[in-house]
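# any chance you can model this:
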Amino acid sequence: MARPSERGDMGVPARLVGAQPRGPRPPVPVHELLALCTEASGTLDPWLAVWETLDHDVSDRHLAEAAAQWDYDLLGDQLPRDPWDNEADHQRHELASWLARHAPTRLHAPKVPETLLHRIRLIGLTGPARWDDPHWPGHRY
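This is a model prediction of the structure:
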């Protein structure tokens, strides 16, 4: 799916990423590496479990970048990648649930745009609770 064009590098505003990020930038974005590991292993859960244990500014920055890449697809109830197997619905649900449950405690304003935090919250909602929320971004799928 196409991402909204107003997003910056990695889907995260420059003020979030910062001019001098702490820690090394990976040669492959973390959300792409997660997709690779998930496809290779056939499961998402152990990779998310490891990420959940990482309590560091760098892992939180990567989480914000990944959430900004994933939110558009997850709000449309789609997996943010094209899987090779038939596990897309299960993995989408697993990723959406993990993100809605885990990210809010790790990502805090002013480092993370309030709009991203609202989109993450909306990912945890379903049906009219999501679409009728005043923070629904108005995406058309």
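# and the helices in this protein?
Defined through DSSP state H, the helices belonging to the chain, from first to last, are 14-17, 30-41, 45-53, 57-75, 88-106, 114-123, 127-131.
# buried set for stretch 52-62?
Of the residues in stretch 52-62, those buried by neighbour count under the rule 16 or more other CB atoms under 10 Å are 59-62. Using the backbone N, CA and C atoms, a C-beta is placed for each residue, glycine as well.
# neighbours of residue 77, how many?
By the other CB atoms under 10 Å criterion, the neighbourhood of residue 77 contains 14 residues.
# check contacts around it.
Contacts here follow CB atoms under 8 Å, 6 or more residues apart in numbering; on that basis residue 77 touches residue 92.
# what about the residue nearest in space to the middle of the chain, distance to residue 130?
By CA atoms, centre = their mean, the mean C-alpha position of the chain lies nearest to residue 67, the distance being 2.0 Å. Distance check for residue 67 against residue 130: by CB to CB, to the nearest Å, it reads 16 Å.
# try residue 91
From residue 91 to residue 130 the distance is 19 Å (CB to CB).
# residue 83 now?
For residue 83, the distance to residue 130 (CB to CB) stands at 23 Å.
# residue 107 now?
19 Å.
# neighbour count: these two, which is higher?
Using other CB under 10 Å, the more surrounded residue of residue 107 and residue 130 is residue 107, with 19 against 16.
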